[in-house]
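Q: give me a 3D structure for the following:
(chains A and B, ligands or ions: 2)
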Amino acid sequence: MSTNEPNTNASPPGTRGADAMQTLAGRLSACMQCGTCTGSCANSESMDITPRHLWRLVQLGLKDCIFDSATFWICSSCYYCTLRCPRGLPLTDAMGELKRIAVAEGLFRDRTSPLFYRTFLDTVRRYGRVREMEVMARYFLALRSPAVSAGFTPLGIKLLMKGKIKPRIPGMSGRGKLGPIYDKVREMEARS
Amino acid sequence: MKYFYYSGCSLEGTAAEYDTSTRAVLRELGAELMEIEDWSCCGASAAESASYLLSMVLPARNIALASRTGIEADFVVPCSACYLNLRRVGDHVHRDEALAQRINEVLSEEGLTYQKGLKTRHLLDVLANDFSCEDLDERSRRKLSGFKVAPYYGCQCLRPYRDFDDPQQPASMDPLIEALGAQVHPWSAGARCCGAGLMTTKKNVALRLVGDILSAARGADCIVTVCPMCQMNLESFQSKISRERGEKLDISILYLPQLLGLAFGIRDRELNLHMNLALTEPFLHKLRTITGC
Ligand code: SF4
Ligand code: SF4
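A: Ligands and ions are numbered 1, 2, ... in the order given. Below is the predicted model:
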């Protein structure tokens, strides 16, 4: 396999509940604080704490500090840190894991990202596929922030003119096309 | 050559021109595309924030649909995010045997079974490796001489899986561009991040990344992309970024198959260049001198 990801003996990703942080700490225990991840990250300047610092907090289990930070929401999944970490740690996946834990436990201050992801996944459940601009419209409606929506208005108009989007938002009720799959995932995750 | 074609959601919507140009170019090259009936979203970057299992099941469902046909063929995927999501299922199952069982317990709700075996490949991989420069040369009705093209790869077709190119200094597009008679713009921004989904959730962070890429492309006639998210991020906010930086940064942004299609002489009905958001007047002028229309 041609990635940097190691075969860790720790539990697999996606572990639920209180164990999740411990599992993650286990997967990152080999971090030696060299800072290569931070140096590789194009977004580190926009983060309140650096990736290297974040991994130390994870090792120490300092949950409050971790979820006070927005660092993992600023990760754009470019995989540079994963590629370059001399310890071969699955860092981009770890950022994803923190997003997951934050959503599951309601540990976020800024609701924009969780709200966007939820809107997206609801659309997928309902229709099986998404129209990005429909997701955007729903997201702006749910966000109720005229400022954010206004930033996207010129783009929306451009896309409309190009015939790329249709101004129509169908209903979201019902179990949905992928409802059985979503329900089954939820049921299995509640079990484990 | 036969492939399962997973277009993904963007190519049905805002990236329709990527879909039509990809189909046209692959057809010209003699490839046969098989649709995956009833395919669904791969989960994009959203599924992983909700559930690890769901982020595996959504792409696996599409692989299961393809393997149900009994046909053995590679997947060809034009969207880098879809490619990565489909690609990682096989990898994660490989590391964790129990995962396959869990995925299949979910998929049994729809009578589907995920099996290892079918290979997931990015469109660029297929274009660069399944056809030779002679193939491209033969199909080209006109040379794109005088065009300087900046190849933009982005992230997820290169990393973390190094399936077909160097993950930091990619070069797989160079021979394609040169085979068309165009010149490669020398730059080091081809593998940088465009901000991906941050353009929606953390816009200022993404605008900074895009600004740096546009700036590095100065001197080129156009940038070519191989992902709908990259394309959208690079083409949509050029005037805003130019204004904020006090620099003229507008540049034409095309999908790679659109560039190939221009050389192949594919009609605009399939290239759909009129759907692109960023095509500059100097670029169009140069194009007219070559196509003579
Ligand atoms: S690059 Fe790897 S080892 Fe170095 S600080 Fe980052 S996570 Fe730790
Ligand atoms: S994957 Fe995320 S944390 Fe890692 S370098 Fe890229 S943006 Fe930074």
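
Q: now do the domain split for chain A, please.
A: The record's domain parsing of chain A by automatic domain parsing lists A:12-108, A:110-192.

Q: ok, which of those domains comes nearest residue B:164?
A: Relative to residue B:164, the nearest member of those by Cβ to Cβ is domain A:12-108, separated by 15.2 Å. For glycine as for every other residue, the C-beta is placed from the backbone atoms N, C-alpha and C.

Q: the host helix or strand of residue B:53 and chain A, any residue contact?
A: Residue B:53 belongs to helix B:52-67 when elements are defined using DSSP states H and E. Yes: applying Cβ under 8 Å from any Cβ of the partner chain, one finds that helix B:52-67 is in contact with chain A at B:52-54, B:57-58, B:61.

Q: and residue B:204, which of the three is it?
A: helix (DSSP: H, G, I helix; E, B strand; the rest coil).

Q: neighbours around it, how many?
A: 12 (other Cβ atoms under 10 Å in any protein chain shown).

Q: can you list contacts of the helix or strand where residue B:212 lies?
A: When elements are assigned from DSSP H and E, residue B:212 belongs to helix B:203-216. Helix B:203-216 is contacted from outside by A:42-43, A:46, A:74, A:76, A:148, A:151, B:150, B:152, B:187-189, B:192-196, B:198-199, B:223, B:233-234, B:237-238, B:240-241, B:244-245, B:247, B:249, B:251, using Cβ atoms under 8 Å, 6 or more residues apart in numbering or on different chains.

Q: what about the helices in chain A?
A: All helices of chain A, identified by DSSP state H, fall at A:19-27, A:36-40, A:51-60, A:63-68, A:80-84, A:91-105, A:112-127, A:132-143, A:146-161, A:179-191.

Q: what stretches of the chain score poorly on pLDDT?
A: As the question left the chain open, I've gone with chain A. A:1-18, A:146-150, A:165-174 (pLDDT under 70).

Q: wrong one, chain B
A: B:293.

Q: what residue in it comes nearest to ligand 1?
A: Closest contact between chain B and ligand 1, by Cβ to the nearest ligand atom, is at residue B:160 (13.7 Å).

Q: the closest residue in space to residue A:178 that isn't next to it in sequence: neighbour count?
A: Using Cβ to Cβ, 6 or more residues apart in numbering or on different chains and skipping residues adjacent in sequence, the residue nearest residue A:178 is residue A:125, 5.1 Å away. Using other Cβ under 10 Å, residue A:125 has 20 neighbouring residues.

Q: got it, and the one 5 residues further on?
A: Close neighbours of residue A:130, defined as other Cβ under 10 Å, add up to 24.

Q: now do residue A:188
A: 15.

Q: can you give me the helices in the stretch 1-150 of chain B?
A: Ranges of helices in the stretch 1-150 of chain B, per DSSP state H, counting those that start in this stretch, are B:16-28, B:47-50, B:52-67, B:80-95, B:97-107, B:123-129, B:133-139.

Q: and these: which comes nearest residue A:114?
A: Proximity to residue A:114, assessed across these by Cβ to Cβ, is greatest for helix B:47-50 (7.1 Å).

Q: hmm, who's touching that closest one?
A: So helix B:47-50 is contacted by A:96, A:99-100, A:103, A:113-114, A:117-118, A:121, A:124, B:54-55, B:58, B:85 (Cβ under 8 Å, 6+ apart).

Q: okay if I get those as CSV plus distance to residue B:270?
A: Formatted as CSV, the contacts of helix B:47-50 follow (distance: Cβ to Cβ, whole Å):
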residue, distance to residue B:270
A:96, 37
A:99, 39
A:100, 41
A:103, 41
A:113, 37
A:114, 40
A:117, 34
A:118, 37
A:121, 33
A:124, 29
B:54, 36
B:55, 34
B:58, 30
B:85, 27
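
Q: between the two ends of stretch B:253-268, how far is it?
A: Here the two ends of stretch B:253-268 are set 16 Å apart, with distance taken as Cα to Cα, to the nearest Å.

Q: please apply the same query to stretch B:27-41.
A: For stretch B:27-41, the end-to-end distance is 25 Å (Cα to Cα).

Q: relative to the whole chain's centre, how far out is that stretch?
A: 15 Å (Cα atoms, centre = their mean, to the nearest Å).

Q: can you pull the buried residues of it?
A: B:28-29, B:31, B:33, B:36, B:39-41 (16 or more other Cβ atoms under 10 Å in any protein chain shown).

Q: stretch B:57-70 now?
A: B:57-67.

Q: and the helices of chain A: which comes nearest ligand 1?
A: Between the helices of chain A, helix A:36-40 lies closest to ligand 1; by Cβ to the nearest ligand atom that is 3.2 Å.

Q: same question for the closest one: list its buried residues.
A: For helix A:36-40, using 16+ other Cβ under 10 Å, the buried residues are A:36-38, A:40.

Q: so it, near ligand 2 or not?
A: Yes: with Cβ under 6 Å from any ligand atom as the criterion, ligand 2 is reached by helix A:36-40 at residue A:40.

Q: give me the contacts around that helix.
A: Contacts of helix A:36-40 (Cβ under 8 Å, 6+ apart): A:44, A:50-53, A:55, A:80-81, A:83-86, A:91.

Q: how near is the residue in chain B that ligand 2 sits nearest to to residue B:159?
A: Residue of chain B nearest ligand 2, by Cβ to the nearest ligand atom: residue B:193 (6.4 Å). With distances taken as Cβ to Cβ, to the nearest Å, residue B:193 is found 10 Å from residue B:159.

Q: now list whatever residues contact both of these two.
A: A:78, A:80.

Q: in chain B, what residue is nearest chain A?
A: residue B:52 (2.7 Å; Cβ to the nearest Cβ).

Q: what about residue A:190, neighbour count?
A: With other Cβ under 10 Å as criterion, residue A:190 counts 8.

Q: for the closest residue to residue B:173 other than its chain neighbours, name its beta-bridge partners.
A: Here the nearest residue to residue B:173 in space, its sequence neighbours aside, is residue B:151; by Cβ to Cβ, 6+ apart that works out to 3.7 Å. Counting by DSSP bridges, residue B:151 is bridged to residue B:224.

Q: from the chain's centroid, how far away is the helix or strand where residue B:287 lies?
A: Per DSSP H and E, residue B:287 falls inside helix B:281-291. Centroid displacement of helix B:281-291 relative to its chain, using Cα atoms, centre = their mean, is 25 Å.

Q: done for today, thanks.
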